[in-house]
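Enquirer: give the three-dimensional model of this entry:
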Amino acid sequence: MKFNEWAELICAVISLLVIAIIGMKQYRQSKRMEEFERRQDERDERRHAEGNKAQAVEFISKYYTDRGLIPLCAVAAMYNDLFHYSRKMYWEFCCLVPEVQNLILKYCDLDLRVRKENDLFVRCIAAVEAALRDRFPEDKTILYEDGKYVLRSLERYAGERLPAPRVDLPPERLDSSFLSPDGCAPEYDYLIRKVLSEAFESRDASFTPISHLKKEYQFQASSEIEACRFATTVAFYAATYGSGDETNDRDYGCPGGFDGERIETMEDLFLLAVFQIYTKLLLPNEG
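Expert: Residues are numbered from 1 along each chain as shown. Alright, predicted model coming up:
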């Protein structure tokens, strides 16, 4: 082999060694960068999780005395997180990212989770109407025009306190052991609760509980806010007794009956009704 051929071979071997060394260094550098980025990602994730936890704990601590209303915060966020709710607790919850919202629900040991729900109110009204129509086909509806009186409880009277009961019920009808969800006027809810519970327990399809209640509560002579309260309360109890879901072992919460928190405004009542319909008639049917 000639000298120039040896020189070319040696140069080629050296070039291969150099390429191999450079490649090895690049590989090691790449592994070091990957490890650095992995540690950075883990650190960022820890900081993110710690930040979410801090926000969730801060929210629960801030509203601890009203923590029983947290399920209604979730409903508010799912119904319309851009609505300016009159109760500060609701709109502050809506300002949080869903990850923090669900962390709050988790820390409260609730099975409810915030998620995207298209046309939530429309679906809720349809579910209640179906439950009433299937059980009492001869009765009149209170949820006509897409449940306008229920919806107006929020859209027109959100910050208004629940109107004082206008209908006088005989004292002997009241049950002192019963506390209605609003925690302040059991005499208003009692007849609605009694009539609907007995009607749903019966097997008589000719029952017309809504028509009976509209007459008892003088619905036709009601002001709009009174009509809204009546329709929304009926929707709440129709979902309660029309669900057939008594054996469900999931804990979605019990707003208004947890630990002294109160359902005081029409906004509270609206969210309570949607919560009851959602957890009693919609979620169980999702399998």
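Enquirer: and the helix or strand hosting L269, average pLDDT?
Expert: Element membership for L269 (DSSP states H and E) is helix 266-277. Here helix 266-277 scores 97 as its mean pLDDT.
Enquirer: show me what that helix is packed against.
Expert: helix 70-80, helix 120-135, helix 144-155, helix 224-242 (3 or more C-beta pairs under 8 Å, 6 or more residues apart in numbering; DSSP states H and E). (Glycine included, C-beta is placed from N, CA and C.)
Enquirer: off-centre distance for stretch 55-75?
Expert: Remark: stretch 55-75 is offset 12 Å from the chain centroid, using C-alpha atoms, centre = their mean, to the nearest Å.
Enquirer: what's the local residue count around Y237?
Expert: Counted with other C-beta atoms under 10 Å, residues neighbouring Y237 total 24.
Enquirer: what do you get for the one 4 residues further on?
Expert: The burial count assigned to Y241 is 21, neighbours taken as other C-beta under 10 Å.
Enquirer: and the closest residue to it other than its chain neighbours, what element?
Expert: Closest residue in space to Y241, ignoring its immediate chain neighbours: F200 at 4.1 Å, by C-beta to C-beta, 6 or more residues apart in numbering. Per DSSP H and E: F200 is located in helix 186-201.
Enquirer: got the angle between that helix and helix 224-242?
Expert: 40 degrees (axes from the mean of the first three to the mean of the last three C-alpha atoms, to 10 degrees).
Enquirer: list the buried residues for whatever helix or strand comes next after helix 186-201?
Expert: On the C-terminal side of helix 186-201, the nearest following helix or strand under DSSP H and E is helix 209-216. Within helix 209-216, the residues scored as buried using 16 or more other C-beta atoms under 10 Å are 209-211, 213-214.
Enquirer: buried ones in the helix holding F200?
Expert: 186, 188-196, 199-200.
Enquirer: between those residues, which is nearest R262?
Expert: P186 (12.6 Å; C-beta to C-beta).
Enquirer: look up how far E117 lies from the residue lying closest to T240 once chain neighbours are set aside.
Expert: Counting by C-beta to C-beta, 6+ apart, Q276 is the residue found nearest to T240 once chain neighbours are left out, at 6.0 Å. As for Q276, its distance to E117 is 15 Å (criterion: C-beta to C-beta, to the nearest Å).
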